[in-house]
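Student: need coordinates for the below:
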Amino acid sequence: EVQLVESGGGLVQAGGSLRLSCAASGFTFDDYTIGWFRQAPGKEREGVSCISSSDGSTYYADSVKGRFTISSDNAKHTVYLQMNSLKVEDTAVYYCARDYYCDGPGDYWGQGTQVTVSS
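Tutor: As a prediction, the model looks like this:
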């Protein structure tokens, strides 16, 4: 059974940091990309970052470039999103999803983890 489980969300002040984790199981990790998405109340879901487990290539949305870093521990089948210099507008539910390509829609999704950034 394919599973993606996010963790690491929480409440942080603006300027602070959080690290999200996405633990994957039930599939061949190296065959897929893992992406982070977020959805704030009343807004559409947006892609934040993505990593290819096979070659380590990464993608970042312009809104998070220079502040967020995605990484992958292939031995642990876990993808991390280090979020620094957090802003109030980063507040959202963050989801990880797998797909063959970083521009794919994602075929399996985690349950999400709430990130709240206070001013």
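Student: find the centremost residue of the chain, please.
Tutor: When the chain is reduced to its mean C-alpha position, the closest residue under C-alpha atoms, centre = their mean turns out to be residue 36, at 2.7 Å.
Student: just the strands from the protein, written as ranges.
Tutor: Under the criterion DSSP state E, the chain carries strands at the ranges 3-7, 10-13, 18-25, 33-39, 46-52, 58-60, 68-73, 78-83, 92-99, 108-109, 113-118.
Student: report the rounded mean pLDDT for the second one.
Tutor: What it means is strand 10-13. Mean pLDDT, taken over the full extent of strand 10-13, equals 98.
Student: what do you get for the fifth one?
Tutor: Averaging pLDDT along strand 46-52 yields 96.
Student: centre of the chain to that strand, how far?
Tutor: Relative to its chain's centre, strand 46-52 lies at 6 Å (C-alpha atoms, centre = their mean, to the nearest Å).
Student: neighbours around residue 88, how many?
Tutor: Look at residue 88: counted by other C-beta atoms under 10 Å, it has 11 neighbours. The C-beta positions use only the backbone N, C-alpha and C, and glycine is treated the same way.
Student: going forward, count from 450.
Tutor: Okay, using 450 as the starting number, the last item reads as residue 537.
Student: any idea how far residue 556 is from it?
Tutor: Taking C-beta to C-beta, to the nearest Å as the measure, residue 537 and residue 556 are separated by 32 Å.
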